[in-house]
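K.L.:
Build me a model:
(one chain, ligands or ions: 2)
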Amino acid sequence: MKNKLEENNFIEVERVTKNYQDPYSGVYFQALNGVDLRIKQGTLSSIVGPSGAGKSTLLNILGGMIKPSTGKVTIDGLPIQSLTQADLNNYRRHICGFLWQESERNLMSGLSVEQNILYAMRISGYPREKRKMRIETLLKSFGIWERRHHKVNQISGGEAARASLSVALANEPKLLLADEPTGELDSETTLEIIDYLKKINQEEGITIVVVTHDKRFENSTDRSYNILDGTLAGMRKTINADENRDWRTVKREEVVVVNSLGQIQIPQLLRDRFNIKNFAKLIIDEENNRMYLESADEE
Ligand SMILES: Nc1ncnc2c1ncn2[C@@H]1O[C@H](COP(=O)(O)OP(=O)(O)O)[C@@H](O)[C@H]1O
Ligand SMILES: [Mg+2]
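P.N.:
Numbering: from 1, shown residues only. Ligands and ions are numbered 1, 2, ... in the order given. Down below sits the predicted model:
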């Protein structure tokens with residue numbers, strides 16, 4: 001039986017670490033050092049951070065492509081880190097769609113746009129009778145229906161990005177994981193792709209997680225996490241989403257992440273401003289039922 005937490009959260013990542021071993025020196029490198037993350041079904045989230053922060057590692061763990069060194073990952077009630085190969089294959093066929101960072105991994109250049117989608121459908125065993133309809137829905141909603149018979153090396157970069165998205169969504173996944181989906185696109189096309197992601201999130205209720213170094217995603221997703229050196233530090237969330245559906249003007253607030261060990265990260269800017277170096281005091285204000293943080297460093 002599912003517990004309440006699992007019902008609320010579609011994705012639960014608990015204290016996940018990932019160590020890579022350098023093949024030459026044998027030395028371990030910690031790419032993720034204790035990530036906690038909870039994502040609700042039907043939301044669009046982004047995880048934003050610089051190159052080397054651990055974004056692809058985290059996304060590949062969510063997709064079941066690599067296993068965490070320690071920690072737990074539960075998606076749609078499945079214990080991803082301990083699934084057998086057969087169950088992982090089923091997970092990727094029926095639940096999780098993946099948009100790769102390298103465009104050549106999403107599309108086969110010798111095939112047409114439509115053939116690429118059909119290929120993905122065949123591999124995932126998507127019901128034959130639904131295929132035609134699904135292809136039409138996807139290509140029309142992404143505005144590339146007219147391009148369906150073109151080989152993918154005969155279309156523009158923006159069209160290829162939309163074709164890649166169609167391939168990732170071919171089997172109607174519940175979850176879409178996207179690694180730098182706009183990494184190779186110009187500014188205008190990037191905004192277009194963000195709009196398309198919003199559209200399928202709203203129309204199909206697909207849970208979407210995007211990892212990217214592109215800060216524009218911070219303001220265009222329901223929740224945006226900052227990842228730095230393998231840790232989630234901060235989060236930005238929309239606060240007036242109900243009254244305002246246009247992501248360009250929606251209001252957001254920034255919060256810090258409290259991990260399962262109770263640790264928080266105070267942004268450098270605030271540490272400098274309030275002179276917090278090694279110690280901080282928690283001050284309880286009983287009257288207002290609030291807590292304050294103050295520097296406790298010795299002069
Ligand atoms: N297979 C691997 N073996 C060793 N180190 C790796 C491997 N994959 C990634 N890393 C290292 O882990 C860190 C995080 O990598 P990655 O998750 O790809 O970051 P991002 O996607 O944010 O750029 C980087 O320092 C990277 O060099
Ligand atoms: Mg990456």
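K.L.:
pretty sure Ile39 is touching Ile208, no?
P.N.:
No. Using Cβ atoms under 8 Å, Ile39 makes no contact with Ile208, being 9.5 Å away. C-beta: built from backbone N, CA, C; applies to glycine.
K.L.:
what sits in contact with each of these two?
P.N.:
Taking Cβ atoms under 8 Å, 6 or more residues apart in numbering as the contact rule, Ile39 and Ile208 both touch Ser45.
K.L.:
Just to check, Asp76 is in contact with Leu175?
P.N.:
Yes. Look at Asp76 against Leu175 with Cβ under 8 Å: they come within range, at 7.3 Å.
K.L.:
Look at these two and report which has more neighbours.
P.N.:
Leu175 (21 against 16; other Cβ atoms under 10 Å).
K.L.:
What does the pLDDT read for that one?
P.N.:
At Leu175, the pLDDT value in this model is 98.
K.L.:
Secondary structure element holding Thr189?
P.N.:
Using DSSP states H and E, Thr189 sits in helix 187-204.
K.L.:
ok, Ile123 touching His94?
P.N.:
No. Contact criterion Cβ under 8 Å: Ile123 and His94 do not qualify, at 11.7 Å.
K.L.:
Those two: which is more packed in?
P.N.:
His94 (16 against 13).
K.L.:
And the strands in the stretch 151-299 of the chain?
P.N.:
175-179, 207-212, 223-228, 231-238, 252-256, 280-285, 290-295 (DSSP state E, counting those that start in this stretch).
K.L.:
and the ones you listed, which one is worst for confidence?
P.N.:
strand 252-256 (a mean of 80).
K.L.:
Return stretch 254-264 as PDB; C-alpha atoms alone will do.
P.N.:
What follows is stretch 254-264, C-alpha atoms only, in PDB (Å, rounded to 0.1, in the frame of the first residue of the first chain):
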ATOM      1  CA  GLU A 254      13.400  32.300  -3.400                       C
ATOM      2  CA  VAL A 255      13.800  29.900  -0.500                       C
ATOM      3  CA  VAL A 256      16.700  27.700   0.700                       C
ATOM      4  CA  VAL A 257      16.600  24.000   0.700                       C
ATOM      5  CA  VAL A 258      16.700  22.100   4.000                       C
ATOM      6  CA  ASN A 259      18.000  18.600   3.400                       C
ATOM      7  CA  SER A 260      17.200  15.500   5.300                       C
ATOM      8  CA  LEU A 261      20.100  16.200   7.700                       C
ATOM      9  CA  GLY A 262      18.600  19.600   8.500                       C
ATOM     10  CA  GLN A 263      21.300  21.400   6.700                       C
ATOM     11  CA  ILE A 264      20.800  24.600   4.800                       C
END
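K.L.:
quick one: contacts of that stretch?
P.N.:
14-15, 34-36, 225, 231-237, 265-267.
K.L.:
Give the buried subset of those residues as a PyMOL selection command.
P.N.:
Listed next is the PyMOL selection for buried residues among these, using 16 or more other Cβ atoms under 10 Å:
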select buried, resi 14+15+34+35+36+225+231+232+233+234+235+236+237+265
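K.L.:
partner residues bridging the residue nearest to the spatial centre of the chain?
P.N.:
In the chain, the residue lying closest to the centroid (Cα atoms, centre = their mean) is Val209, at 2.4 Å. According to DSSP bridges, the residues that bridge with Val209 are Ser45, Leu177.
K.L.:
That one touches Ile11, doesn't it?
P.N.:
Yes. Look at Val209 against Ile11 with Cβ under 8 Å: they come within range, at 7.3 Å.
K.L.:
All the helices of the stretch 51-200 of the chain, residue numbers only.
P.N.:
For the stretch 51-200 of the chain, helices defined by DSSP state H, counting those that start in this stretch occupy the ranges 55-62, 85-94, 103-106, 113-124, 128-141, 157-168, 187-204.
K.L.:
Thanks again, I'm all set now.
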